[in-house]
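[1] Give me coordinates for this.
(chains A and B)
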Amino acid sequence: MRSSLSGEDFTGSAMKHLLHEFEIGATVDVRCRKSSLLGKGFCAVTTEARRPPPRRRFFALGRNELKGLFWQVLVVGIALAVIGFLWSNTVTNLSARRITTGFAFLGREAGMPIADSLFAYNPRDTYLWAFVVGVGNTLRVAVIGIVLATILGTLIGISRLSANWLLSRLAAVYVETLRDIPLLLQLLFWYVLMQALPAARAAWRPVEGVFLSNRGLILPAIPIGSLQLWVLGTAVLGLVAFYLVRRRLIAQQMRDGKPRPAWPFALGLIVALPAAVSLVLGVPWTIEWPQLRGFNFVGGLTLAPEYFALLIALVTYTSAFIAEIVRSGIQSVPRGQWDAANALGLRRSFMLRQIILPQALRVIVPPMTSQYLNLTKNSSLAVAIGYQDVVSIANTTLNQTGQAIEAIALIMAVFLTISLSISFFMNWYNARIALVER
Amino acid sequence: MTVIADTPDAPRAARRPQAGNPALRWLRTNLFSSIPNGILSVVLLAILAKGIFSFAQWGIANAVWLTPANDSSACRAARGVGACWAIIPEKYRFILFGTYPFDEQWRPALAVLLFIALYYLSTRRALWRRELVYLWIGALALISVLMWGGVFGLSFVSQDRWGGLPVTLILATFGLAFGFPLGILVALGRRSKLPAIRSLSVLYVELIRGVPLVSLLFMASVMFPLFMPAGFNIDKLLRAQIAIILFAGAYLAEVIRGGLQAVPRGQYEAADALGLSYWRKNRLIILPQAIRHVIPPLVNTFIAFFKDTSLVLIIGIFDLLTTAKTAIIDPAWQQFSVEVYIFVAAIYFVFCFAMSRYSRGLEATRR
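    Purely as a prediction, here's the structure:
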C-alpha cells in the first residue's frame, strides 16, 4: 500500500490509524479533495486494490483489539467484583439474620387480608395465590386503564385540533395541567375526594341504579354464569369469523375493485348468532340493581374507592400524554393528503378512516406503546392508597417474611413480563400498520 | 363530535369576508363557524361558567383565609361550602421545610433560591460552556454546606431532619447531576463495538426501565442494608438518591442514545481520520452534537423525573409531597387536605410548567 499526503501536519499516528481502518482488503476509494480543515489540497491515494486478507492468529491481536479486550475485561471485571461483593455481603447478612433464601415461603399460608380482588381469596390461602391475586389486581387496573386512557386521550387530542377555539383551549389547559403535576399527588387528591364523598345512606345518584359514595362506585351488573359465558363465547367466535370474512371481502375488492358491504356479516355473526344461542338456551339476562341495605349496598358491581381513585388518576394522567401523541400524529399527516382526499370528493368519515388515520397511526403507535408501559408501571403507585396490587402484596409479604430479595425479584419478573408482552403486541401491531414501501 | 380544523396552517380568515366588527368576526370564525360548532360553544361556555362559578364560590367567596394560630374552628364551620386556605399560612413552614430546625429555616430557603438560580443559569445558551460544570459543582457544594452546616458557625443539621421542597430539589438535581454522566456512559456503552460492554449496558437499561420506580425504591430501602457489609449503613435519603440516580441514568441513556444515532456517520469517520482517541472523539466531536439534538426530549425527561421524585413518599422520605401529607395528619386540620394538595400541586406545576415552556421554546428556535 502506498500513500502520499500533501499535508505535512497529517501525523504518523493518524496515518497508522487510517491504515488500520483499511485493513479489510477491499478496494479503497480515496479521492483528492480540498480539505477545509487543513486548508490546502489533501490527497490520499491508496492503490493495490486487493491485498490478501491478514492472517489471523489467536495471539496476534491488533492494537485496537487489545485495547478493546482490555476495556471489556476491565468493565466486566468491575461489574463482577461489585456483584460478588454485594452477593457475599448478602449471604453473610442473611445467615446472620437467619433468613433462608429460596421461594419455599410461597407455599406457606399468607394470612394477609386482601379487601378487593379479581379472584376469590381468603387469608388462609398461600403466598403464591396472594401474588396471583395481586397480579390480577394490577392487570385489572392496567388493562381497563389503558382502554379508557386511549379513548379519553384520543378525544382530547382531537379536541385540541378542533376549529372551535374554546374546545381546543380547554383541551390544552387539561393537558398542561395534568402533565405538570406528579401522578402520586393526583392519586392522593382523587383518593381524598373519594373519602370525602357522602356515606352510603346519602349516596349520590347521578343516574338511576348508579351510586357514588365513600364506599366507591356501585353500578348495576349482569351476573355472568356458565350459560352467559356460552353466549359470550359465541360472540367472540362470531367476531373471529367476521374478521376472516372481512379479509376475504377486502381481498375480492382488491381484485375487481367492487366494494362489498361487510356490515351484514357483522350483524349476523356478532349480534344475531349469539342472540339465537341465547334464545335457544333460554339464558336469563336479568340486570342486578344495587340496593341499599342497612349501611351498605347489596348486589351490583362495586368499584372500591381505592380502585376507582387509582383508575381515575391513571386514566386522566395518561390521557393527557396520549392526547399530545394523537395531536402530533394527526398534524404529521401532510396537508396534501387532506387536499387530495377532498379533491376526490370523499366523505369526511371515509377520509378520516381511510386516508388520515392510517397515516397518523404510524406516528402514533410507537410513543403510545411507551405510554401503555408507563401506565402499567405507574399502577404500582397503588401501594400509596392501599389498593392491593402486586407491588403492595409483595411489600406486605416482604414485611411479614423478610424475604426481601425474593419479593422484589417477583415484582421485577411480573413487570418485565407485562412490559415485554405489551412491547411484543405493540411491535406486532406497528409492523402491521407500517408503511409498505413500493 | 368535534370538527378537526382540517388544514392546520390554512389562513382561516381568508375564507370569510373581511367585514364587520373584528371581535364579532373573531367570534364567528372561532366559536360559531357552523351550527354544531355554535351549539358546542354554548354548551362548553355553560359548563365552564358553572365550573368557574362554583370554584370561585368555594375557593374565594366562602373561603376562610386566616384564622388565629392553631384554631381551625372557622374552617370547620365553613366545611363543605368554602375552602380553608388558612391551613396554608398555618402549615407552610412545615410543608416547605419539614422538620428542619425552625430558626435555621433560612438556610433551606436560601438553598431553594440557589437551586432556582442554578436552573435559570443552566437555561442560558450563552453559558453552555465548560464553566457551567464548575458552576454546578460550586453551587451544589454551597447547597450542601448550607443544608448540613457544621462549618462557618452554622450549626450541624443531620439529613434526617431535612424535609420539604429542598429535599425534592436535592433528589431531582443530584439525581440529574449524577444520572447524566452515567447516562452518557451507558449510551456510549450501548453503541460500543465491544460485545461485553454493550450487553452490560443493554441489560442495565432494560432492567431498570422494565420495572416501576417504586420497586427500585423498595429495593433501596429494604435490600440495600442486606447488600452492605455488617455495621455499614448509609442514610435512607442517600439510598433513595442512589436509586433515583440509577433510574435517571437508564432513562437519560436512552434519550442520549437517540442523539448519538442522529449524528451522521461522517462525523465519526472524520474524527477517526483525525486520529482522535475514542474518548476525545466523543468528547470533542460526537457528544456536543448528539446532546444538542436531544435537548427538548432531555428537558421532557427532566420534567418526568422531577415529578417522579415524589414517589419517595412511599418509602417515607420527607420530600414536598410527604411533608404535605404529614401536615394534614394533625387532627384539627385533617379535613382540609384538598387545599394542601392544591397548594403543593401549584408548586410542582410552576417548576414543571417553566421547564416545559423552556423546552417548547427551544424546539421553536431550532426550526
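
[2] where does the chain have low pLDDT?
    The chain I'm using is chain A. Across chain A, the ranges flagged by pLDDT under 70 are A:1-62, A:435-438.

[3] actually chain B
    B:1-19, B:70, B:230, B:366-367.

[4] For chain A, what's its nearest residue on it.
    Going by Cβ to the nearest Cβ, chain A is nearest to B:G275 of chain B, at 3.1 Å. All C-beta spots, glycine's among them, are computed from the backbone N, C-alpha and C.

[5] Pretty sure that residue sits in a strand.
    No. Read with DSSP: H, G, I helix; E, B strand; the rest coil, B:G275 is coil and lies in no strand.

[6] can you list the residues of the stretch 301-438 of chain A near chain B?
    Counting by Cβ under 8 Å from any Cβ of the partner chain, the stretch 301-438 of chain A comes close to chain B at A:330-331, A:335, A:338-339, A:342, A:352, A:377-378, A:380-381, A:383-384, A:391, A:395, A:398, A:404-405, A:408, A:411-412, A:415-416, A:419-420.

[7] Of the residues you listed, keep whichever come out buried.
    Neighbour-count burial (16 or more other Cβ atoms under 10 Å in any protein chain shown) is assigned, among those, to A:330-331, A:338, A:352, A:377-378, A:380-381, A:383-384, A:391, A:395, A:398, A:404-405, A:408, A:411-412, A:415, A:419.

[8] near chain B, which residues of the stretch 151-300 of chain A?
    By Cβ under 8 Å from any Cβ, the residues of the stretch 151-300 of chain A that approach chain B are A:155, A:158-159, A:161-168, A:170, A:176-177, A:179-186, A:188-189, A:192-193, A:196.

[9] Now, the residues you listed that are in helices?
    If you go by DSSP state H, those have A:155, A:158-159, A:165-168, A:170, A:176-177, A:179, A:183-186, A:188-189, A:192-193 in helices.

[10] Narrow the residues of the stretch 301-438 of chain A next to chain B to those in helices?
    Per DSSP H, those map to helices at A:330-331, A:335, A:338-339, A:342, A:377-378, A:391, A:395, A:398, A:404-405, A:408, A:411-412, A:415-416, A:419-420.

[11] So which elements touch the helix or strand hosting B:V167?
    Assigned by DSSP states H and E, B:V167 falls within helix B:165-190. Under the contact criterion of 3 or more Cβ pairs under 8 Å, 6 or more residues apart in numbering or on different chains; DSSP states H and E, helix B:165-190 touches helix B:87-97, helix B:106-123, helix B:130-148, helix B:195-210, helix B:236-262, helix B:295-308, helix B:320-327.

[12] quick one, which of those helices is packed in tightest?
    Comparing the helices and strands packed on helix B:165-190 by mean neighbour count (mean count of other Cβ atoms under 10 Å in any protein chain shown), helix B:320-327 comes out on top with a mean of 24.

[13] angle of the helix or strand following that one against helix B:106-123?
    Toward the C-terminus, helix B:320-327 is succeeded by helix B:337-366 as the next helix or strand (DSSP H and E). Per axes from the mean of the first three to the mean of the last three Cα atoms, to 10 degrees, the angle that helix B:337-366 makes with helix B:106-123 is 30 degrees.

[14] Name the residues of helix B:337-366 that come out as buried.
    B:337-345, B:347-349, B:351-356, B:358-359, B:362.
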